[in-house]
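J.: one predicted model, sequence on top.
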Amino acid sequence: MQAVEIRKNRFIGAGHPAYIIAEIGINHNGSLDLAKQLISEAAKAGCDAVKFQKRTPELCVPKDQWEKQRDTPWGRMSYIDYKRKTEFGQAEYTAIDDYCRALGIDWFASCWDEPSVDFMEQFQPVLYKMASASLTDKPLLDRVRATGRPLMLSTGMSTLDEINQAVKWVGLDKLMIAHSTSSYPCPPAELNLRMVPVLQGMFPGTPIGYSGHETGLATTVAAVTLGASFVERHFTLDRAMWGSDHAASVEPGGMAKLVRDIRDVEEGLGDGVKRVYDSELEPRARLRRELTPNQE
Ligand SMILES: C=C(OP(=O)(O)O)C(=O)O
């Protein structure tokens, strides 16, 4: 499997530590302060990157939903106004870019429409993520590919035919593919983690990862054991916060544990070459019975 170099000396793929992404998405609830706290906690937990979702609400919300009324922490308002209120713009993303640089953590976004890709380009992101919902959106995939940056393609809610079609459209250059199931939260029975090696078999030269929406941590660690070279989990300060993605997110303590467990598993997997370690010599001498020649 080839690795994709997303920035100088940071590769995603076989032989490199799993790239761990804290998906802030829309869990900042429109607050830059909250976004900064999330970035800081993700960096403390040892994550490689934080991720956001960038949309132009007028292009992403179907027209028949615009005027639907909704209760929000800011009072009752139309769905389109709510989406506008929770969308970050120039000032917030400039501050996020500065903050992430200062903390030494990567950041990028999934872009849900073409102007959002054009907007993100000013920040020269390490990569673009395409959400599972965008896998069949050829104009958007084309726009992202035209940037020449690495692409992480998520495959939730998709058939194998749709995945093959999307890969034909985008090509294999600097491509990474994430297995995912788009249920929030996703029950273990629908995680289907064996799709990680199946996708690896379908696309042998391409780093395969995992974008998880389960509530626990063990299954994300298992995805790494099965070969995922990057993982993404939603991230929140408090799962009880108002908003659609908080409940299926990981809190800072959980994220620190997840990072630690992934790093332990990566180290623990070893190289598969059987050897007797020096640390085993003393127990070996002490615990093995001394056999007489005719017992051997
Ligand atoms: C929804 C997203 O991703 P996924 O489909 O991997 O959950 C996203 O990145 O915005």
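T.: Yes, it's here.
J.: show me the contacts for the residue most central in space within the chain.
T.: Central residue of the chain (Cα atoms, centre = their mean): Glu232, 2.1 Å from the mean position. Residues in contact with Glu232 (Cβ atoms under 8 Å, 6 or more residues apart in numbering) are 21-23, 51, 129, 178, 209-212. (Each C-beta comes from the backbone N, C-alpha and C, glycine too.)
J.: leaving out chain neighbours, which residue sits closest to it?
T.: Ile21 (4.0 Å; Cβ to Cβ, 6 or more residues apart in numbering).
J.: the ligand contacts on this protein?
T.: Applying Cβ under 6 Å from any ligand atom, we find that the chain lies next to the ligand at 53, 110, 129, 131-132, 154, 156, 178, 180, 182, 211.
J.: in helices only, show me those residues.
T.: Of the positions in the residues of the chain next to the ligand, not one sits in helices, assigned by DSSP state H.
J.: the residue nearest to the centre of the chain: what secondary structure?
T.: strand (DSSP: H, G, I helix; E, B strand; the rest coil).
J.: tally of neighbours for Gln2?
T.: 15 (other Cβ atoms under 10 Å).
J.: equivalent analysis for Glu282, please.
T.: With other Cβ under 10 Å as criterion, Glu282 counts 9.
J.: before we move on, which element is it in?
T.: helix 278-287 (DSSP states H and E).
J.: ok, the contacts of Glu232 vs the ligand, which is closest?
T.: Nearest to the ligand among these is Ser211, at 3.3 Å by Cβ to the nearest ligand atom.
J.: identify the residues contacting that closest one.
T.: So, once contact is read as Cβ under 8 Å, 6+ apart, Ser211 ends up touching 23, 132, 154, 156, 178-180, 231-232.
J.: at 10 Å instead, please
T.: Residues near Ser211 by Cβ atoms under 10 Å, 6 or more residues apart in numbering: 21, 23, 51, 110, 129, 131-132, 152, 154-156, 178-182, 220, 223, 228, 230-234.
J.: re the thing from before, now, the residues of the chain next to the ligand that are in strands?
T.: Cross-referencing these against strands under DSSP state E gives 53, 110, 129, 154, 178, 180, 211.
J.: correct me, but the fifth one touches Leu127?
T.: Pointing back at Ala178 there. No: using Cβ atoms under 10 Å, Ala178 is not in contact with Leu127, being 11.6 Å away.
J.: so what's Pro139 closest to, chain neighbours aside?
T.: In space, Pro139 is closest to Glu114, 6.7 Å off (Cβ to Cβ, 6+ apart).
J.: the ligand versus the one you found, what's the distance?
T.: 15 Å (Cβ to the nearest ligand atom, to the nearest Å).
J.: how about the strands in the stretch 101-250 of the chain?
T.: In the stretch 101-250 of the chain, strands defined by DSSP state E, counting those that start in this stretch lie at 106-111, 128-130, 151-154, 175-180, 208-212, 230-234, listed in chain order.
J.: roughly how far is the shortest one from the heart of the chain?
T.: Averaging C-alpha positions (Cα atoms, centre = their mean, to the nearest Å) puts strand 128-130 10 Å from its chain's average.
J.: what does the fifth one give?
T.: The gap between where strand 208-212 is centred and where its chain is centred comes out at 6 Å by Cα atoms, centre = their mean.
J.: angle of that strand against strand 106-111?
T.: Strand 208-212 and strand 106-111 are oriented at 70 degrees to each other (axes from the mean of the first three to the mean of the last three Cα atoms, to 10 degrees).
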